[in-house]
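Chemist: Quick one: sequence plus predicted model below, questions after.
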Amino acid sequence: MCILVVCEPNSTPTKTDLHNGACSNPHGYGFAIIAGDTIISERSMSAKKSIARFLELRKQYPNGYAMWHARYATHGVKNEANCHPFKVGNSDLTYLAHNGILDVTIEKSDKRSDTRVFAEDTLPLMGGVSVLDNDTVWTMVSKWASGSKICILTLDPSAKHQIYLVNENLGTWDNAGIWWSNQSHKRTTYTTPSTVWQAPARDLDKAEQLAYDYALKHYYQEEGEEVIDLCPNCETLVDMHENPYYCNMCEICFDCDTSIIDCLCYTPDRQWSSKKDYDLFSSL
């Protein structure tokens, strides 16, 4: 999925919205901010650190365009090197982030993501960011990336603009001057008393309603049978009997509500075979 957030000058997303976007897209984070005559860009596997750092720097440099990205991996390994945004070519003047899947050729031995290959190889071979000033090329790239959204921030003197937002119409601008590539930062809020579910705060689409109905039906079953719950972060159906500690989808700890990368409740290099095993280890 991924989520790409683009900020107009003097616009900043809320910490809550960024956190929610990170919960839905847990495989790495990064940002780029135009700060005068330079672009500040950082990447991290920690959502907490990335969000805090982005908001800190955005407060210092509010007058330029900015973008923040949370990754949901489809191609390439899950590491910091594959976090967005990427330099276009090897230039510190241009950074690119993307939401979707790009039709690029990736060799089996290449551990890079599709976006990284496009930024480091494909776009530079086309002529760099300035080639997007050509209306024909712009149309071609927009159609080629159909279904995807690409943002490029640049201070390249050969480019006419500081920002290029490919397939902008596929995302949404809010009233605060923030563009969202999708709505994965919006959460469903509900409470879960011991055996009683409260309806979600917003209307659900058909697929979400089916998932909710299923979770409601299976929320509590007789002892010895599976217990199905909804992850409070990404709303994925979770078999609590199989894994009662963290969500396998968004990798958020059920106890402390942070990523298992940062969580102190869970040890990533140990897979608990049972609650008895977990309790035994915790007592040591």
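Modeler: Happy to help now that I have it. Numbers count the residues shown, from 1 in each chain.

Chemist: Strands of the stretch 1-150 of the chain, residue ranges please.
Modeler: Applying DSSP state E, counting those that start in this stretch to the stretch 1-150 of the chain gives strands spanning 3-7, 29-35, 38-44, 66-70, 86-87, 94-99, 149-154.

Chemist: Now do the buried residues in stretch 107-116.
Modeler: Neighbour-count burial for stretch 107-116, with 16 or more other CB atoms under 10 Å as criterion, is recorded at 112-116. Backbone N, C-alpha and C define where each C-beta goes, glycine included.

Chemist: Serialize those residues to a markdown table and add fields for pLDDT and distance to Thr105.
Modeler: Formatted as a markdown table, the buried residues of stretch 107-116 follow (pLDDT from 0 to 100; distance: CB to CB, whole Å):
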| residue | pLDDT | distance to Thr105 |
| --- | --- | --- |
| Arg112 | 92 | 12 |
| Ser113 | 91 | 13 |
| Asp114 | 91 | 9 |
| Thr115 | 94 | 14 |
| Arg116 | 94 | 13 |
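
Chemist: if we can go back for a sec, out of the strands of the stretch 1-150 of the chain, which one sits most buried?
Modeler: strand 66-70 (a mean of 29; mean count of other CB atoms under 10 Å).

Chemist: buried sites along stretch 172-191?
Modeler: Buried residues in stretch 172-191, counting neighbours by 16+ other CB under 10 Å, are found at 178-182, 184-185, 187.

Chemist: Farthest pair within the residues you listed?
Modeler: The largest separation in the buried residues of stretch 172-191, counting by CB to CB, is between Trp179 and Arg187 at 19.2 Å.

Chemist: Got phi/psi on the nearest residue to His69 once chain neighbours are set aside?
Modeler: Nearest non-adjacent residue to His69, counting by CB to CB, 6 or more residues apart in numbering: His84, 4.0 Å away. Dihedral pair for His84: phi -80, psi 160, per degrees, to the nearest 10.

Chemist: Check the contact between His84 and Phe118; I expect there is one.
Modeler: No - counting by CB atoms under 8 Å, His84 does not reach Phe118; the two are 11.1 Å apart.

Chemist: Right, I'll leave it there.
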